[in-house]
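**Q** Please work out how this folds:
(2 chains)
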2 protein chains.
Amino acid sequence: MTTTALPESLPDETHGRVPLYRTIADGIIRDIRRGRYQEGSRLPASRALARTHEVNRATVHQALQVLKREGWIETNKGGGTRVARRSLAGPMVGPAPSWDRISSALLGRILAETGAQEGTNAPAHDLARLAPDEKEFPAEAFAKVLAEVARDGALLAYGSPFGYRPLRETLASRLQRRGIPADADAILIVNGAQQGLDLITRALVDPGDAVAVENPSYSGALALLRAHGARLLGVPLDAEGPEPEALRAALAERPKFLYTIPDFQNPTGLLASAARRRELVAAAAAAGVLVVEDAFDADLSVEGDLPQPLAALAPGHVVHLGTISKALFPGVRVGWISGPREFVHRLAALKRVGELTSPPVLQAALNVFVSRGDYDRHLLHVKARLRTRLALAHKTVLRSFPVGTRCDRPLGGWVLWVELPGGISGRALVEAARGEGVLVSPGGDYSPDRADASSLRISVARSSGADLEKALESIGALARAAVRSAQRRAPRAEERREEALIQI
Amino acid sequence: MTTTALPESLPDETHGRVPLYRTIADGIIRDIRRGRYQEGSRLPASRALARTHEVNRATVHQALQVLKREGWIETNKGGGTRVARRSLAGPMVGPAPSWDRISSALLGRILAETGAQEGTNAPAHDLARLAPDEKEFPAEAFAKVLAEVARDGALLAYGSPFGYRPLRETLASRLQRRGIPADADAILIVNGAQQGLDLITRALVDPGDAVAVENPSYSGALALLRAHGARLLGVPLDAEGPEPEALRAALAERPKFLYTIPDFQNPTGLLASAARRRELVAAAAAAGVLVVEDAFDADLSVEGDLPQPLAALAPGHVVHLGTISKALFPGVRVGWISGPREFVHRLAALKRVGELTSPPVLQAALNVFVSRGDYDRHLLHVKARLRTRLALAHKTVLRSFPVGTRCDRPLGGWVLWVELPGGISGRALVEAARGEGVLVSPGGDYSPDRADASSLRISVARSSGADLEKALESIGALARAAVRSAQRRAPRAEERREEALIQI
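**A** I've put the predicted structure just below:
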């Protein structure tokens, strides 16, 4: 750290000129790399080097100082200069760490159920991904807004751990319009609703703690909760939302929170009724259990306004999660948490310690986009597409799938839920469909206990028109074939049972 | 979720026309809000409503269906229609959750030492924040790049959990130029180096695990490690880097990893020597302890190339963390982890479960900015400024601070470390300086045991020229006053001790 031994004539980097001693040093480094000077061997004397490189000895000395500082050469006590041994190898270096041995319990749980793969190639028909199609993004309009706001250097600096304040104010007034007493001071911007749930989980869940979830529920939430060692209490759904009795039984186990998706639930597409919402919030509040309301699809109603959000019914008991991922751009990674101030401030402390802040420039661009009305205009287009696709998918499922299939037409959101007759394996059907170039999600992926189920989730986010129809028809044909094959097997099973009876 | 009960003539939202039944429904909602129809009371019969609103009864029925779905009204079994009780209050709702009771151990540890405040107002002189000044950002140039890339909708979609591949390739070749055998497949893009360390910590540390750190070290890393319950093993620094003997003692305790900042260490500004780097890596590898090399300031050398990074010396044993936060834009939140492939893939699994992906559009813009040479050109300006400021700060400290003060001039980075004579309290001096409008950081904040220390960290990131000089002079004057006051007190203490002796 001392500077006295360094050349005072510093390279003038501002103008890009390379000083002579640097050029000499680089030449010697090349010679070391090429093996002309071997590791551990003596370097020629400075006089000899000066001759070789046709410079004076002072310049050679400057070059040697640089080489020493950068670790290429060493001077021993006798004053001799040797080429440093730079490569560490052999007995000096032990084997690489055993990652399994040093992993935390958290990582162990994550690896037990998942890996990190890169995305696969796009299939012919994708009815699996719940992500809006990038070909339909208002990218040009957003790029213009980004260019405008990014010129302000302050938006490229660290921001508040709570997020960009004007966006929080815009979001607060939008939430207020839905009846939620939101406050910019009690809103935390997060990198998508997933990070919101991650923060909430890390803030509340220690391994072994119970968390109540809908059954079925969003697979990404279930994976996250399992990763943190949560014990999942599944609450089945009926036509109105979580079943009241099962819900009360789960709440009686005092879970850390109840995770629920009232609007166009993932994976069922179910819109919880107004009455059930009130019943749910009342039961949770009476039990003293926090409700985490994932409103990720709240902007995607295709048939008028939604029932009141849970956070409007009992604000002190509900944490409300929102995002632009499903209606605008998933990759901009902006979501928000609105909830009791004291809790949101705790979440901000947790976010800050791990990440400091989210990118202000994206939040500022989004704020302009929303405030100007661009977001709401875009929503009209999205919802028009959505309405057509949901109707088409619904009609096609009813027409193509086997008798006994149940499928309701959702009032919004990107997904339909198909319940198959006769105990058809959702996972087997999904595998068969993949063989025909159609990706779709098996219902079992959304089960808290991961059991296979006779159900499918169909996403209309990335398919429409004839493509959507064709993909659904081909799954339907596979399902009908599965039913026929099950029926052919059934008498045989009967016969076998009769045989067994006879044998007894 | 059934659709049969819903009006088939859907609102044509694409063209913005509001259907008549919606207008009627909104009118009734207004009346409920204004108290004309009280909660729990009967709504007028549909015939009466049709008369009031001058529409036919079919339209009123459609409006009532909407109101029912949205939870404004309820129909009881007798067929009567009442205004729903929407507000939950009274004995039905218990007290709000007790956040302390339901918090996780992680959150408890975080709250024990920190809160989440919004930024304070800028002081007259800021020698505390280690964040480049946004007034010096190449914001215009970056805004142009952003506008170009954001027009590609694919960059607004979900990306790989590993990050945007072209950026990973660009970073790999830059790391290779420093001798690190980096591979785009073993690089994980993170939201700044802080998130990198957060992921590494969460992947490896269970509460009670040991982690070796330099003493002093970056306060944000120490806070993060403490939050995860790590037992910190502090390794003191000498003029070349971590002291070899203390390091070996710490490694003998088998910490989960050694966290080290070889280039312009935070807070000391120390550049670890080439020899010490090799010694450190050899000792860690021999002990089988993973090294986490935080190279956050590696691009900010003002005097030529750096010694080889640790990751070049023993790649299988070192995880290398980089970022653009200190040389370009902190708020764009792009950092990277390069390390053993198996480990980086594990970190990606952890990142995905909590966040899915980082914003691709910012990574793509950064990639263009770096690839075109804009980043390196910007670096020349930054380093020119840095060189001037470090020299000025160093000179001013030597001139203004009390005799016995130690301060070396760093060869890069944003900070200088000042060791004060005579046991002056760094924290007391920082408080006194704040009273004069100068913010500076007390050395004790960087101590693994948080003890006060006779030292200060001075950041030149947000101050220069006469402003920097004046701020340092005023701290120097306070320090000299503290020394004088300590000297005046000293004899009295001697006297008191003598008195005590006499009394005995």
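**Q** quick one: low-confidence parts of the stretch 251-400 of chain A?
**A** Of all residues in the stretch 251-400 of chain A, none has pLDDT under 70.
**Q** ok, the residue of it found nearest chain B - contacts?
**A** In the stretch 251-400 of chain A, the residue found nearest to chain B is A:A274; the distance is 2.4 Å by CB to the nearest CB. Heads up, the C-betas are built off the backbone N, CA and C, glycines and all. A:A274 makes contacts with A:307-308, B:68-72, B:84, as judged by CB atoms under 8 Å, 6 or more residues apart in numbering or on different chains.
**Q** can we see that at 7 Å?
**A** A:307-308, B:70-71, B:84 (CB atoms under 7 Å, 6 or more residues apart in numbering or on different chains).
**Q** separation between the nearest residue to A:G412 once chain neighbours are set aside and A:P19?
**A** Excluding the flanking residues, the one nearest A:G412 by CB to CB, 6 or more residues apart in numbering or on different chains is A:S301, at 3.9 Å. To A:P19, A:S301 is 68 Å away according to CB to CB, to the nearest Å.
**Q** and if you look at A:I73?
**A** Taking CB to CB, one finds A:I73 at 19 Å from A:P19.
**Q** Isn't A:K351 up against A:D198?
**A** No: the pair A:K351 and A:D198 fails to qualify as a contact (CB atoms under 7 Å) at a distance of 9.6 Å.
**Q** Does A:T357 touch A:A157 like I think?
**A** No: under the criterion of CB under 7 Å, A:T357 makes no contact with A:A157, lying 9.3 Å away.
**Q** okay, and the common contacts of these two?
**A** Counting by CB under 7 Å, 6+ apart, the residues touching both A:T357 and A:A157 are B:G331.
**Q** any idea of the mean pLDDT for the helix or strand hosting A:S474?
**A** Here A:S474 sits within helix A:465-503, counting by DSSP states H and E. On average, the pLDDT along helix A:465-503 is 79.
**Q** How about stretch A:219-238?
**A** On average, stretch A:219-238 scores 96.
**Q** same thing with stretch A:65-74?
**A** Here the average pLDDT along stretch A:65-74 is 82.
**Q** roughly how far out does that stretch sit from the chain middle?
**A** Stretch A:65-74 has its C-alpha centroid displaced from the chain centroid by 46 Å (CA atoms, centre = their mean, to the nearest Å).
**Q** I figured A:V382 hits A:F329, correct?
**A** No: A:V382 is not in contact with A:F329 according to CB under 7 Å; the separation is 11.6 Å.
**Q** Which one's more surrounded, those two?
**A** A:F329 (30 against 21; other CB atoms under 10 Å in any protein chain shown).
**Q** Have a look at A:I73 and A:P19 and say which one is more surrounded.
**A** Remark: of A:I73 and A:P19, A:I73 carries more neighbours, 24 against 19, as counted by other CB under 10 Å.
**Q** List the contacts of that one.
**A** So A:I73 contacts A:43, A:64, A:67, A:81-84 (CB under 7 Å, 6+ apart).
**Q** A:A461 too?
**A** A:129-133, A:414.
**Q** Just the buried ones from the residues you listed?
**A** By neighbour count, with 16 or more other CB atoms under 10 Å in any protein chain shown, the contacts of A:A461 hold A:129-132, A:414 as buried.
**Q** from those residues, which is closest to chain B?
**A** Chain B has its nearest neighbour among these in A:A131, at 5.6 Å by CB to the nearest CB.
**Q** Okay, and the residue nearest the centre of chain A sits in which element?
**A** Centroid-nearest residue in chain A, with CA atoms, centre = their mean: A:Q194, separated by 5.5 Å. For A:Q194, the host element (DSSP H and E) is helix A:193-204.
**Q** who touches whatever helix or strand comes next after that helix?
**A** The helix or strand immediately downstream of helix A:193-204 is strand A:210-215, counting by DSSP H and E. With contacts defined as CB under 7 Å, 6+ apart, strand A:210-215 is touched by A:205, A:222, A:225, A:230-237, A:242, A:250-251, A:253, A:255-261, A:265, A:447-448.
**Q** buried set for strand A:210-215?
**A** Per 16+ other CB under 10 Å, strand A:210-215 contains these buried residues: A:210-215.
**Q** wait, which of those is closest to B:D31?
**A** A:E214 (35.0 Å; CB to CB).
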